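*Asks:* Requesting a structural model of the entry that follows:
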Amino acid sequence: MKKNLLALVLLGTLAACATPREACINNVRSEIRGVERSIAKTEADINRGYAVHVTREPYNVLTRCTDSQGRHFPCEKTLFKTTEQPVSLDMKSEREKLERLTDQLAALRLTANQQISQCNKIYPE
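*Replies:* Below you'll find the model as predicted:
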C-alpha cells in the first residue's frame, strides 16, 4: 500500500514538471504576459480615472495558542490589513504609456513566434 502511494506521489510530481520544450515556450511567453498585465492595469486606471495604490499594514492581535502538549497560552499573532488609496493620474501620460505598451506587445508577439518556432525545432516532441 505504501509503495503504491509513493509511486502515485512521484508520478504526480513528475507530471507537474514541464518538458524542456514547454519550459522554453513558457520562458518566451513570460515577458508577453508581463506586458499584457501592464496593459490591463493601465487600461483599468484610465477607465477608472485614477490609479489604486495598495498597501498591506501589519497589526498584532492577542489570541490563544496551543503547545505540543495541548496546553493553551496567550500569544500574539500578526495579521495584515489591506488598504487601497486612490492616486491621481496624468491621463495624457497614461495614454502615451498605453500606446508604448501596445507597440511593445506587438513587437514581442512577432519575435515570440520566431522564438517558439526555435523551441519546437530544438525540442521536438
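*Asks:* Tell me if I'm right that Ala51 and Asp90 touch.
*Replies:* No. The pair formed by Ala51 and Asp90 falls short of the contact definition of C-beta atoms under 8 Å, at 10.4 Å. Where you see a C-beta, it was placed from the backbone N, CA and C, and this is true even at glycine.
*Asks:* tell me, what residue is most central in this protein?
*Replies:* Here the mean C-alpha position of the chain is nearest to the C-alpha of Gly34 (C-alpha atoms, centre = their mean), at a distance of 8.9 Å.
*Asks:* host element of the residue found closest to Cys24 once you drop the neighbours it is linked to in the chain?
*Replies:* Nearest residue to Cys24 in three dimensions, chain neighbours excluded: Cys119, at 3.7 Å (C-beta to C-beta, 6 or more residues apart in numbering). Per DSSP states H and E, Cys119 falls inside helix 91-122.
*Asks:* Who are the packing partners of that helix?
*Replies:* The contact analysis (3 or more C-beta pairs under 8 Å, 6 or more residues apart in numbering; DSSP states H and E) places helix 91-122 against helix 20-48.
*Asks:* pLDDT on the helix or strand just after the helix it packs on, on average?
*Replies:* Sequence order places strand 51-66 as the next helix or strand after helix 20-48, per DSSP H and E. Confidence for strand 51-66, expressed as mean pLDDT, is 95.
*Asks:* Equivalent analysis for stretch 115-125, please.
*Replies:* 89.
*Asks:* Kindly report the same for stretch 69-77.
*Replies:* Along stretch 69-77, the predicted confidence averages to a pLDDT of 94.
*Asks:* Outside of that stretch itself, which residues are in contact with it?
*Replies:* Asn60, Val61, Leu62, Thr63, Arg64, Cys65, Thr66, Asp67 (C-beta atoms under 8 Å, 6 or more residues apart in numbering).
*Asks:* could you give the angle of whichever strand or helix holds Glu84 to helix 20-48?
*Replies:* Element membership of Glu84 [criterion: DSSP H and E] is strand 72-87. Note on geometry: by axes from the mean of the first three to the mean of the last three C-alpha atoms, to 10 degrees, strand 72-87 and helix 20-48 are set 60 degrees apart in direction.
*Asks:* All set, thanks.
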